[in-house]
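S.K.: Sequence and predicted structure are below.
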Amino acid sequence: MSTTYTFSPDCVFPPGETLLETLEALGLTQKELAARMGRPLKTINQIIKGTAQIMPETALQLEKVTGVPASFWNNAESNYRAYLARVKDEERQQEDVGWVKRFSYTKMASLKFVTEVQDPTARVGQLLRYFGVASSAQWESTYGELCGSARESAKFQSDLGDLSAWLRAGELLAQKKDCKPYDKETFTRNLKLIRSLTAQNPAKVWPEVSHLCAEAGVAVVLVPELPETHVSGFTRWLTPEKALIQLSLRYKTDDVMWFTFFHEAAHILLHGKRDIFVEYRKVEDNPKEREANAWAGEFLIPEAEWKAFVQSLPSKPTLNSITSFARKLSIAPGIVLGRLQHRENFCRLLSSITSSTCWRLNGMAWNKHQSTHSLDT
């Protein structure tokens, strides 16, 4: 594997110093050089001091007078100006050192979002490259709107650092996913296929879920949550032809994972392409969230089927009754369990059978080399 090295010297001298040494070696004065080049003496003096640049035309004139190739003068000037720009940029990054504290940098480094470095200024550079922005001000203007719905929550009023980092990770992963142009009919049809896959181990069927969504123009990515994200899901349109569903698996069980997935899918089917949905708030705060919840609930377990099932239950639901109903609908038993817990107030009664009906998602296996994700169960 080839390695690319970047030459970044600590100090670069202005090409005017080399020009002065060259004149001394040739026995020429600045005045004589100016006369031979047809340039004002003031210009030659400014070049030597580094306050004026050596332009390509000037480099050609220097080649004729001094015998030193124009390419040398052009490269020397370019390297010096690049050095000055880098110094100025590092000074700006030093001003942004306090910005780094807004992120869980060590955790980001452990997930390979950024490279682990200890120098605060170097961390600024890593974060700017990660977000693809030139400064913290551009980060604010670029990701402030993206995180706009999160600003509605008091929890995120003070800082959006980790949330923006989590969103950026999904954005980068989605860019790598090859998706067909979005097609609502295909997405609706494939969601029905995905619904039947919920009864299986999520780790085994997730590649197929991802493929079915990509066929319909939807990139689905899994990104481990960062310490201050508190987000279970996220939906937005990357382009008019490509949507993004991003999941964090925050609650570590398949019933929550699948409901969150179908909730996000509902946003794509039902709502506008300009909408951005960050899932952490109570659904009653937003009518579109309530609509997505209702769609996901009906899609997974039709209300008529649910009412009949609940009416047939004994005072205490059993593992057999839950799994039988799940098999009838071809869905995961954990989805039925989750509905019982959240809608029928059976939380205490069902604690003993939770482990038998839910797949436990015990974290994320993050492929550090290919930037892909899989589930550990």
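M.R.: That came through, no problem.
S.K.: so where's the chain uncertain?
M.R.: Within the chain, the stretches with pLDDT under 70 are 1-11, 145-159, 280-285, 344-377.
S.K.: which helix is the longest one in it?
M.R.: helix 70-95 (DSSP state H).
S.K.: residues contacting Gly233?
M.R.: The contact partners of Gly233, taken as CB atoms under 8 Å, 6 or more residues apart in numbering, are Ile245, Gln246, Leu247, Ser248, Thr260, Phe261, His263, Glu264, Phe277, Glu279. Yep, even glycine has a C-beta here, placed from its N, CA and C like the rest.
S.K.: run the last query once more with 6 Å
M.R.: By CB atoms under 6 Å, 6 or more residues apart in numbering, the residues touching Gly233 are Leu247, Thr260, Glu264, Glu279.
S.K.: From Val223, how far off is the third one?
M.R.: Translated: Glu264. 13 Å (CB to CB, to the nearest Å).
S.K.: do the same with the first one
M.R.: Look at Leu247 and Val223: by CB to CB, they are 8 Å apart.
S.K.: Between those two, which is the more surrounded one?
M.R.: Neighbour count, other CB atoms under 10 Å: between Leu247 and Val223, Val223 has more, with 26 against 23.
S.K.: before we move on, back to that, out of the contacts of Gly233, give me the one that has the most neighbours.
M.R.: Greatest neighbour count in those, by other CB under 10 Å, goes to Glu264: 25 neighbours.
S.K.: Work out the gap between whichever strand or helix holds that one and the centre of the chain.
M.R.: For Glu264, the host element (DSSP states H and E) is helix 254-270. Here helix 254-270 is found 20 Å from its chain centre; the criterion is CA atoms, centre = their mean, to the nearest Å.
S.K.: Could you give me the buried positions within it?
M.R.: 254-268 (16 or more other CB atoms under 10 Å).
S.K.: who does that helix touch, helix- and strand-wise?
M.R.: Under the contact criterion of 3 or more CB pairs under 6 Å, 6 or more residues apart in numbering; DSSP states H and E, helix 254-270 touches strand 233-239, helix 287-300, helix 333-343.
S.K.: Output those in JSON lines; the columns should cover distance to Val205.
M.R.: What follows is the helices and strands packed on helix 254-270, written out as JSON lines (distance: least, CB to CB, whole Å):
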{"stretch": "strand 233-239", "distance to Val205": "18"}
{"stretch": "helix 287-300", "distance to Val205": "16"}
{"stretch": "helix 333-343", "distance to Val205": "14"}
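S.K.: can you tell which of these is closest to Pro181?
M.R.: strand 233-239 (9.2 Å; CB to CB).
S.K.: Extract the C-alpha set from that closest one and format it as CSV.
M.R.: Coordinates of each C-alpha in strand 233-239 appear next as CSV, following Å, rounded to 0.1, in the frame of the first residue of the first chain:
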residue,chain,number,x,y,z
GLY,A,233,-33.1,8.1,14.9
PHE,A,234,-32.8,10.8,12.2
THR,A,235,-34.3,11.3,8.8
ARG,A,236,-33.6,13.8,6.0
TRP,A,237,-33.2,14.1,2.3
LEU,A,238,-29.6,14.3,1.0
THR,A,239,-30.7,15.1,-2.5
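S.K.: The next helix or strand after it pairs with which strands?
M.R.: Later in the chain than strand 233-239, the nearest helix or strand by DSSP H and E is strand 242-247. If you go by DSSP bridges, strand 242-247 pairs up with strand 218-222 (parallel), strand 233-239 (antiparallel).
S.K.: Which residues does strand 242-247 contact?
M.R.: Applying CB under 6 Å, 6+ apart, the external contacts of strand 242-247 come out as 170, 174, 179, 217-223, 233-238, 264, 268.
S.K.: If we use 7 Å, what do you get?
M.R.: With contacts defined as CB atoms under 7 Å, 6 or more residues apart in numbering, strand 242-247 is touched by 170, 174, 179, 182, 217-223, 233-238, 257, 260-261, 264-265, 268.
S.K.: Ok, stretch 79-97 next?
M.R.: Residues outside stretch 79-97 that contact it (CB under 7 Å, 6+ apart): Val12, Pro14, Pro15, Gln53, Pro120, Thr121, Val124, Gly125, Ser135, Ser136.
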